[in-house]
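Undergrad: got a sequence here, can you model it:
(2 chains)
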Number of protein chains: 2
Amino acid sequence: MPKQNAFYAQSGGVTAVINASACGVIETARRHRSRIGRLYAGRNGILGALDEELIDTGRETAQAIAALRHTPGGAFGSARYKLKSLEQNRAEYERLIAVFRAHDIGYFFYNGGGDSADTCLKVSQLGRTLGYPITAIHVPKTVDNDLPITDCCPGFGSVAKYVAVSTREAALDVASMAKTSTRVFILEVMGRHAGWIAAAAGLAGQGAGEPPHIILFPEVPFDRAAFLARVQACVARYEYCVIVVSEGVRNPDGRFLADAGTTDAFGHKQLGGVAAVVADLVRSELKLKYHYAIADYLQRSARHIASKVDVEQAYAVGRAAVELALGGENAVMPTIVRKSDKPYRWGIGTAPLARVANREKMMPRHFITADGFGITAAARRYLAPLVRGEAYPPYRDGLPDYVRLRNVPVPKKLPPQG
Amino acid sequence: MPKQNAFYAQSGGVTAVINASACGVIETARRHRSRIGRLYAGRNGILGALDEELIDTGRETAQAIAALRHTPGGAFGSARYKLKSLEQNRAEYERLIAVFRAHDIGYFFYNGGGDSADTCLKVSQLGRTLGYPITAIHVPKTVDNDLPITDCCPGFGSVAKYVAVSTREAALDVASMAKTSTRVFILEVMGRHAGWIAAAAGLAGQGAGEPPHIILFPEVPFDRAAFLARVQACVARYEYCVIVVSEGVRNPDGRFLADAGTTDAFGHKQLGGVAAVVADLVRSELKLKYHYAIADYLQRSARHIASKVDVEQAYAVGRAAVELALGGENAVMPTIVRKSDKPYRWGIGTAPLARVANREKMMPRHFITADGFGITAAARRYLAPLVRGEAYPPYRDGLPDYVRLRNVPVPKKLPPQG
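TA: Residues are numbered from 1 along each chain as shown, chains lettered A, B, ... in the order given. The predicted model follows:
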């Protein structure tokens, strides 16, 4: 196979460890210079390819690339942008090919979630559909943990750890204050359709009665009366109640409990503020003093408390993506394969993108307790290994020393788009 | 001086390091068994004294007490409860004395903020006012950093570090998403009257233009037009805008921007939700996509990212309180004395409680930039040393291994109160 250049892009919401995957891709590509020439990153994800805004990762020092492993966010910029079908927007694909051809790009590494896997699949078919053969490998990433086939998704373990740690800490605070002040504490976490993140908060408590006392999952229709009765019983018994609520909780009629009415670029509804809705219910119906926190971006950018397992897996899928490409694979995604729970052992597998794209993995119903408010032993068995280990970033003057790349642009070769 | 028992209580909102002060008090008292007999802690703060609900700290192992140093929240329970004046509620003071006398308590260590310093002062005067001589030492604690005389307050440095780290991390996230998604990110932090915590977020950025781009302080009346213009200019220049808003920000007419209309036990207004107010303004006036986080209790319980300097100072004031008591002092509070900024050197001083009680230290106006939206070099010089150093708790199975004390009750000697 002749030497060709490669393109790497980040897609969708970023995570605390997506740059660790970038690090895996870049460091591995650098070890195969005879096969992969230059590695270009898309500025702001796939838009970088469409706009011919390429970043030359070769202009970064080995030290800067290594620092990606401990730096959150998307070092090259990400994008919420989904390619339409070939029939709907053939011009877009032709533009992609023009840019790829101009820069001799033969490898496409796309780091994202389910929507991105679909884009990656379409790119992998450009040889067949538009006569530009290219190797496209998807690098899994999503805090939502909702990609199929892979046992877990890089990005999730660190959010899980953040949420579990924060719940444990805030619960100690509320417990100390409950006698004369706050009785009910509510933490709102991400998870539009699947309750994986909310479930992870359950790791904060170990024995019966330990907080969080109530978890509200998107999978369980919100039962107002049962919820209020549970809060009341909890306060009566423990003096306080810690609630973790997923942004995606729905009323029995299917509407989100907190529906902001706006949508993002993928057409998903933009949510937020469910904690305030729940808090208001607690106040008005139970007359209890409450506090609430909304973790929002803090949870998915909290590299300072990342899971070591997650960082290692994020790096490993980046490295595997390059190795798969060099091994002649196309249209696949490296996966995390769990070999055993205890001790936790894992390896890398592969999944065809046709079986990954646009499919959401829901949380198994048997991970949620019968009453709908907690997690089962099976859920703990699954979740516990994913938050294991600390992988602290280096600090300077008391703050994490995160890298900012130079992001040197590659000179454009094409006329600007009309 | 004959050997007497001691009473220790936590008061007001708890912090990530108030237990480190408890650890300092208890370990130091244990080293002076010839002078201090038993050390009792109040269950739920001063209420433990009024209700004769005492905890025998002597029943805890040295290991458990040492673990307080890395455990957030209030290990014995805290209370928002302010003693009225002697004239207004003489019976309450007489009850206190009855409990102190029944348990031979000659030392009173009170760990709290400004309101608590007032209570501590009143207790220190019981000898003169009601004929029960007792040594009362206040142990400073408040995330608000608003106690006078002391250079800083234990508890603040860790919130400052949490807020600065979280701002830096979330800003990297938003920066990566800005091209196609979120443009404006808002982080709501604590600080009812003083903007110390909001100011600390300013440490996240180092050069010009680095986030946070806008800080909204309680000290600066909210100028809607200037704020919106700044957000717009920021997005035009950097593609995104990171805003840190203090819960205590007020309109020019003096009303809180987010006034929930409820009050706590001290008669302070309970605030919350200012981030939503600011976000709504950004959406309606500028049509920009936003996200917001509310740190709430997470910020003050985040022992996992505590400042090492803060942990050391919290321990030191606990230890100093006992040493001051044994040295014959009364009605004083150990303070943090700054000896130099760079290198940061500090020591312990003392302040008379009469000069501490009920006085709030505001942030100096020269800590805020002329435009009212940022911090000055002077503020950085003051704040930077306080977040320095990491003091990670031990972890077990991926989560911080925080201690729960046995909290063995001391048998009651008095009939229950009527």
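Undergrad: residues of the stretch 51-200 of chain A that sit close to chain B?
TA: Counting by CB under 8 Å from any CB of the partner chain, the positions of the stretch 51-200 of chain A adjacent to chain B are A:71-81, A:161, A:164-166, A:168-182, A:185, A:187. To be clear about C-beta, it is placed using only N, CA and C from the backbone, and glycine gets the same treatment.
Undergrad: swap the cut-off to 6 Å and go again
TA: Within the stretch 51-200 of chain A, the positions adjacent to chain B are A:72-74, A:77-81, A:164-166, A:169-170, A:172-173, A:176-177, A:179-181 by CB under 6 Å from any CB of the partner chain.
Undergrad: in strands only, show me the residues you listed.
TA: The strands, defined by DSSP state E, take in nothing from these.
Undergrad: state whether residue A:292 is indeed within a helix.
TA: No. Membership of residue A:292 in a helix is not supported by DSSP: H, G, I helix; E, B strand; the rest coil, which gives strand.
Undergrad: burial count for it?
TA: Applying other CB atoms under 10 Å in any protein chain shown, we find 26 residues neighbouring residue A:292.
Undergrad: what's the pLDDT at it?
TA: At residue A:292, the pLDDT value in this model is 96.
Undergrad: please name the bridge partners of it.
TA: residue A:186 (DSSP bridges).
Undergrad: coming back round to it: among the residues of the stretch 51-200 of chain A next to chain B, the buried ones, what's the ChimeraX command?
TA: Selection of the buried residues among those in ChimeraX, burial being defined by 16 or more other CB atoms under 10 Å in any protein chain shown:
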select /A:72,73,74,77,78,79,80,81,164,165,166,169,170,172,173,176,177,179,180,181
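Undergrad: can you give me the strands in the stretch 251-400 of chain A?
TA: In the stretch 251-400 of chain A, the strands defined using DSSP state E, counting those that start in this stretch lie at A:259-263, A:269-271, A:290-294, A:332-340, A:345-352, A:395-396, A:399-400.
Undergrad: for those, which has the smallest mean pLDDT value?
TA: Looking at the strands of the stretch 251-400 of chain A, the weakest mean confidence is strand A:269-271, a mean of 49.
Undergrad: what does stretch A:63-71 rub up against?
TA: Judged by CB atoms under 6 Å, 6 or more residues apart in numbering or on different chains, the contacts made with stretch A:63-71 from elsewhere in the structure are A:19-20, A:22-23, A:26, A:75, A:393, A:402-403, A:405.
Undergrad: which of those tops the neighbour count?
TA: Neighbour counts for the contacts of stretch A:63-71 (other CB under 10 Å) peak at residue A:19, which has 34 neighbours.
Undergrad: isn't that one up against residue A:75?
TA: Yes. A contact is recorded between residue A:19 and residue A:75 when judged using CB atoms under 6 Å, the distance being 5.0 Å.
Undergrad: low-confidence ranges, the stretch 201-350 of chain A, go.
TA: By pLDDT under 70, the weakly predicted segments of the stretch 201-350 of chain A are A:260-272.
Undergrad: what does it put close to chain B?
TA: By CB under 6 Å from any CB, the residues of the stretch 201-350 of chain A that approach chain B are A:265, A:291, A:293-294, A:296-298, A:301-302, A:304-305.
Undergrad: on that earlier part again, farthest pair in the contacts of stretch A:63-71?
TA: Put simply, by CB to CB the two of these set farthest apart are A:26 and A:393, 18.2 Å from each other.
Undergrad: with secondary structure and pLDDT added, can I get the contacts of stretch A:63-71 in a markdown table?
TA: Converted to a markdown table, the contacts of stretch A:63-71 look like this (DSSP: H, G, I helix; E, B strand; the rest coil; pLDDT from 0 to 100):
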| residue | secondary structure | pLDDT |
| --- | --- | --- |
| A:19 | helix | 98 |
| A:20 | helix | 98 |
| A:22 | helix | 98 |
| A:23 | helix | 98 |
| A:26 | helix | 98 |
| A:75 | coil | 98 |
| A:393 | coil | 98 |
| A:402 | coil | 98 |
| A:403 | coil | 98 |
| A:405 | coil | 98 |
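Undergrad: and which of those is nearest to chain B?
TA: Closest approach to chain B among the contacts of stretch A:63-71 (CB to the nearest CB): residue A:402, at 6.4 Å.
Undergrad: end-to-end on stretch A:237-254?
TA: By CA to CA, to the nearest Å, the extent of stretch A:237-254 from end to end equals 32 Å.
Undergrad: residues contacting that stretch, please?
TA: Under the criterion CB under 6 Å, 6+ apart, external residues in contact with stretch A:237-254 comprise A:171, A:174-175, A:178, A:183-193, A:195, A:198, A:201, A:211-218, A:221-222, A:231, A:234-235, A:256-257, A:271, A:274, A:278.
Undergrad: buried residues in that stretch?
TA: A:238, A:240-250.
Undergrad: in helices, which of the residues you listed fall?
TA: Among the buried residues of stretch A:237-254, the subset assigned to helices under DSSP state H consists of residue A:238.
Undergrad: buried ones in stretch A:84-98?
TA: A:93, A:95-98.
Undergrad: between these, which sits nearest residue A:311?
TA: residue A:96 (31.4 Å).
Undergrad: helix or strand: which one has the closest residue to the closest one other than its chain neighbours?
TA: Setting aside the residues directly before and after it, residue A:96 is nearest to residue A:49 in space (CB to CB, 6 or more residues apart in numbering or on different chains), at 5.7 Å. Taking DSSP states H and E as the criterion, residue A:49 maps to helix A:46-50.
Undergrad: rewinding a little: state the distance from the residue nearest to residue A:96 to chain B.
TA: Taking CB to the nearest CB, to the nearest Å as the measure, residue A:49 falls 13 Å from chain B.
Undergrad: now residue A:107: how far from residue A:27?
TA: In this structure, residue A:107 lies at 15 Å from residue A:27, with CB to CB, to the nearest Å as the measure.
Undergrad: looking at the two, which one has more neighbours?
TA: Shown here are residue A:107 and residue A:27; by other CB under 10 Å, residue A:107 has more neighbours (25 against 18).
Undergrad: got the phi/psi numbers for that one?
TA: Comment: the main-chain dihedrals of residue A:107 come out as phi -130, psi 140, following degrees, to the nearest 10.
Undergrad: now do the contacts for it.
TA: Residues in contact with residue A:107, defined by CB under 6 Å, 6+ apart, are A:6, A:135, A:325.
Undergrad: quick one: which of those sit in helices?
TA: The helices in this structure, assigned by DSSP H, contain residue A:325 from those.
Undergrad: Throw the contacts of residue A:107 into CSV and include distance to residue B:15 and neighbour count, thanks.
TA: Compiled in CSV, those are given as follows (distance: CB to CB, whole Å; neighbours: other CB atoms under 10 Å in any protein chain shown):
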residue, distance to residue B:15, neighbour count
A:6, 49, 29
A:135, 54, 24
A:325, 51, 26
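Undergrad: out of the contacts of residue A:107, flag the one nearest to chain B.
TA: In terms of CB to the nearest CB, no member of the contacts of residue A:107 lies closer to chain B than residue A:6, at 20.4 Å.
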